[in-house]
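> sequence below, structure please.
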Amino acid sequence: MKISKETLEVLKNFSAINPNLVISEGNKLSTIADAKNIMAAAVVSESFPKKVGIYDLNEFLSALSLIEDPDFEFGDNDVSIKSNNATLTYRYADTSILTSPEKEVNMPPTDVEVNLTADDIAQIRRAGSALNHPVVSITTEHGDDAVYLQVKDPNNSSANVYSHKVCSASSDDAYDYQFLIANLKLIPGDYKVAVSSKLISNWECINNTSVKYWIALEKTSTTK
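Next comes the predicted model:
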């Protein structure tokens, strides 16, 4: 079988969340960070024939560069990756020692929904790097008709703050939902973001609706 460029991009993205991966039989891929604060799932065009454990996903993806236009044959103990002139045999890892999602996320009721563009997310990363701040928040105040992205250090009230309006506020609620910028390990694209006060969020890629993420909020998040 062939593995598409789009699926390889998903695998590369997943390797940033967790260095190992369990591929289940079928066309659904999922991964979870060791800290259990990021989970990702994707529906891909391929249907994998069996359950496979990969201990070092970055190594596996790097090894693929040795084979031009590869075909994949999934055996009982390894996958054979072939071209006309070369073959790579990559052995499976024991899935029992790998970190993988045990169940799907049951997303609680949503308190806030916003759409963030790829440029918004890129600007968050630039602002975090420029100000050396670890946190981005989705926030609004009582009496304000706008929702903002703020890049800040919540542990230092005198620190500089970058603020960017993303949409109009739909109610008079006040909240400050905070995320570690380092946890925004997303495939580039525009996202519909649903946030729950239960400190969990869902990020659904608008450009590629088969890819979804669940990212934990920081415990310093507040509602007012």
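
> could you use CA atoms for every contact and neighbour count after this?
Will do.

> how about Tyr90, secondary structure?
Assigned with DSSP: H, G, I helix; E, B strand; the rest coil, Tyr90 falls in the strand class.

> all numbers from here: first residue = 14
All set: I'll call the first residue 14, so the last point we hit is now Tyr103.

> surely Val92 is in contact with Tyr103?
Yes: between Val92 and Tyr103 a contact is recorded at 5.4 Å, counting by C-alpha atoms under 8 Å.

> number of nearby residues for Gly141?
Gly141: 23 surrounding residues under other C-alpha atoms under 10 Å.

> wait, it sits on Asp166?
No: at 9.5 Å, Gly141 does not count as touching Asp166 under the criterion of C-alpha under 8 Å.

> what touches both of those two?
Shared contacts of Gly141 and Asp166 (C-alpha atoms under 8 Å, 6 or more residues apart in numbering): 147-148.

> can you list contacts of the longest strand seen in the chain?
The longest strand of the chain (DSSP state E) is strand 51-61. For strand 51-61, the surrounding residues in contact (C-alpha under 8 Å, 6+ apart) are 15-17, 20, 23, 27, 30, 36-46, 114, 196, 223-229.

> 7 Å instead?
Strand 51-61 is contacted from outside by 16, 20, 38-46, 196, 223-229, using C-alpha atoms under 7 Å, 6 or more residues apart in numbering.

> now stretch 224-237
Contacts to stretch 224-237, defined as C-alpha under 7 Å, 6+ apart, come from residues 50-56, 187-192, 212-218.

> so which bits of it are buried?
224-231, 234 (16 or more other C-alpha atoms under 10 Å).

> give me the pLDDT for the residue of the chain positioned farthest from its centre.
Relative to the average C-alpha location in the chain, and by C-alpha atoms, centre = their mean, no residue lies farther out than Asn98, which sits at 36.1 Å. As predicted, Asn98 sits at a pLDDT of 88.

> any idea how far it is from Leu79?
With distances taken as C-alpha to C-alpha, to the nearest Å, Asn98 is found 11 Å from Leu79.

> overlap in contacts of the two?
With C-alpha under 7 Å, 6+ apart as the test, Asn98 and Leu79 reach no residue in common.

> and the lowest-mean-pLDDT helix or strand in the chain, which strands flank it?
Of all helical and strand segments in the chain, the minimum by mean pLDDT, DSSP states H and E falls on strand 235-236, at a mean of 87. In the sheet, strand 235-236 lines up against strand 188-193 (antiparallel) (DSSP bridges).

> how long is stretch 82-90 from one end to the other?
Terminal residues of stretch 82-90 are spaced 22 Å apart (C-alpha to C-alpha).

> one more: stretch 94-102?
Start-to-end span of stretch 94-102 (C-alpha to C-alpha) is 6 Å.

> just the residues contacting it, thanks.
80-86, 91-93.

> so which of those residues is the most crowded?
Counting neighbours by other C-alpha under 10 Å, Pro83 leads the contacts of stretch 94-102 with 20 neighbours.

> can you pull the contacts of it?
15, 94-96.

> neighbour-wise, which of those residues leads?
Going by other C-alpha under 10 Å, Ile94 tops the contacts of Pro83 with 23 neighbours.
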